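Enquirer: here's my sequence, what's the structure:
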Amino acid sequence: MIKFSIITCTWNAAEVVERTLESVLSQSWAQIEHVIIDGASKDNTLQLVEAYRKRNAEEETEHDIVVVSEPDRGLYDAMNKGLKYANGDYVVFLNAGDVFPNENTLENISNDVNERSDGKLPGVLYGDTNIVDNEGTLLHPRRLAPPENLTWRSFKHGMLVCHQAFYARTDIAKAEPYNLRYRFSADVDWCIRVMKRAEKNDLPLLRLPEVVANYLDGGMTNKNHRASLIERFKVMRHHYGLFTTLAMHAWFVFRALKGKREAQNS
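Expert: Next comes the predicted model:
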């Protein structure tokens, strides 16, 4: 019976958090721990969270819910707080506005892991992602698709797996907290370090054959695009070396220009 620790970080998220809470509450899988880390919201985020806790108790869904509300030093600091409270087998970050694709998502993942693993839980589970708008309407699948055989070296080609579709074994996740020196790309660095530790511990990374997260378009990285790109370059240089990072960025530029020309000629 795989238990999932879902970590949701919020700050003045009343406009979008309700659908995230509803998505977790409606999951058919009972083995869920929901850790909600709030940055001392000033709107009615906490009132919605409290109503969610009451519904969970009334409907006897058996989900464990932990709520912490206090000032933090930003999103990645909040994520590190969430990791400290996580007690499940796998941890996944589903932030305000993000949802599971359907009510059977976690049940399907658990069944898939049980059928395909040899008794040793994989280090990482990963799958596909859809992008949704502020109303939760499906826009399109995420442009970068996860490879069948993911390794930590795969991310030199970009962040091939969305953060919300990256389920890390909790023991590994706790051993690799987010590096708060990074303001916009700590998630990229974290995923790479988690995969490195999984490889060191001889744990496989399991590709899930389905969409496992609907991700809200326009997050922190999009709003700080230039700074994020600079920081992501630093992350890649740290893990892959300067020469490889320069070569891959030259390829990124070539690919973007080629795509632009093809679009103009079509």
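
Enquirer: where does the prediction get shaky in the stretch 101-250 of the chain?
Expert: 218-223 (pLDDT under 70).

Enquirer: ranges for the helices of it?
Expert: Assigned by DSSP state H, counting those that start in this stretch, the stretch 101-250 of the chain shows helices spanning 105-116, 170-175, 186-200, 220-223, 225-240, 242-265.

Enquirer: right, so those helices: which one is the most enclosed?
Expert: Among those, helix 186-200 has the highest mean neighbour count (mean count of other CB atoms under 10 Å), at a mean of 21. C-beta: built from backbone N, CA, C; applies to glycine.

Enquirer: which stretches in the stretch 51-200 of the chain count as strands?
Expert: 64-69, 90-93, 124-132, 138-141, 166-169 (DSSP state E, counting those that start in this stretch).

Enquirer: just so I know, which of these lies nearest Ile7?
Expert: Nearest to Ile7, of all those, is strand 90-93, at 5.1 Å by CB to CB.

Enquirer: just the residues contacting the closest one, thanks.
Expert: The contact list for strand 90-93 (CB atoms under 8 Å, 6 or more residues apart in numbering) reads 2-9, 79, 82-83, 121, 125, 163-164, 166-170, 173, 213.

Enquirer: if we can go back for a sec, looking at the strands of the stretch 51-200 of the chain, which is closest to Glu148?
Expert: The nearest among these, by CB to CB, is strand 124-132 at 10.6 Å.

Enquirer: what pairs with the closest one, and is each one parallel or antiparallel?
Expert: strand 138-141 (antiparallel), strand 166-169 (antiparallel), strand 205-216 (parallel) (DSSP bridges).

Enquirer: only C-alpha atoms, please: export it in PDB.
Expert: Taking Å, rounded to 0.1, in the frame of the first residue of the first chain, the C-alpha atoms of strand 124-132 are listed here in PDB:
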ATOM      1  CA  VAL A 124      11.600   8.300  -8.800                       C
ATOM      2  CA  LEU A 125       8.200   8.000 -10.600                       C
ATOM      3  CA  TYR A 126       7.600  10.300 -13.500                       C
ATOM      4  CA  GLY A 127       5.000  10.900 -16.100                       C
ATOM      5  CA  ASP A 128       3.400  13.400 -18.500                       C
ATOM      6  CA  THR A 129       1.900  16.800 -17.800                       C
ATOM      7  CA  ASN A 130      -0.900  18.900 -19.200                       C
ATOM      8  CA  ILE A 131      -0.900  22.700 -19.000                       C
ATOM      9  CA  VAL A 132      -4.100  24.400 -17.800                       C
END
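
Enquirer: quick one on the thing from earlier: dump the strands of the stretch 51-200 of the chain into CSV; add distance to Ala256 and mean neighbour count as well.
Expert: Output for these, formatted as CSV (distance: least, CB to CB, whole Å; neighbours: other CB atoms under 10 Å):
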stretch, distance to Ala256, mean neighbour count
strand 64-69, 41, 16
strand 90-93, 28, 26
strand 124-132, 19, 22
strand 138-141, 18, 11
strand 166-169, 25, 27
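
Enquirer: dump those into JSON lines; add distance to Glu58 as well.
Expert: Shown next, in JSON lines, are those (distance: least, CB to CB, whole Å):
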{"stretch": "strand 64-69", "distance to Glu58": "13"}
{"stretch": "strand 90-93", "distance to Glu58": "25"}
{"stretch": "strand 124-132", "distance to Glu58": "28"}
{"stretch": "strand 138-141", "distance to Glu58": "30"}
{"stretch": "strand 166-169", "distance to Glu58": "29"}
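
Enquirer: out of the helices of the stretch 101-250 of the chain, nearest to Ser69?
Expert: In terms of CB to CB, the element of the helices of the stretch 101-250 of the chain nearest to Ser69 is helix 220-223, at 19.9 Å.

Enquirer: rewinding a little: so which of the strands of the stretch 51-200 of the chain comes closest to Leu21?
Expert: strand 64-69 (9.6 Å).

Enquirer: and that closest one, what does it pack onto?
Expert: Applying 3 or more CB pairs under 8 Å, 6 or more residues apart in numbering; DSSP states H and E, we find strand 64-69 packed against strand 32-38, helix 45-59, helix 75-85.
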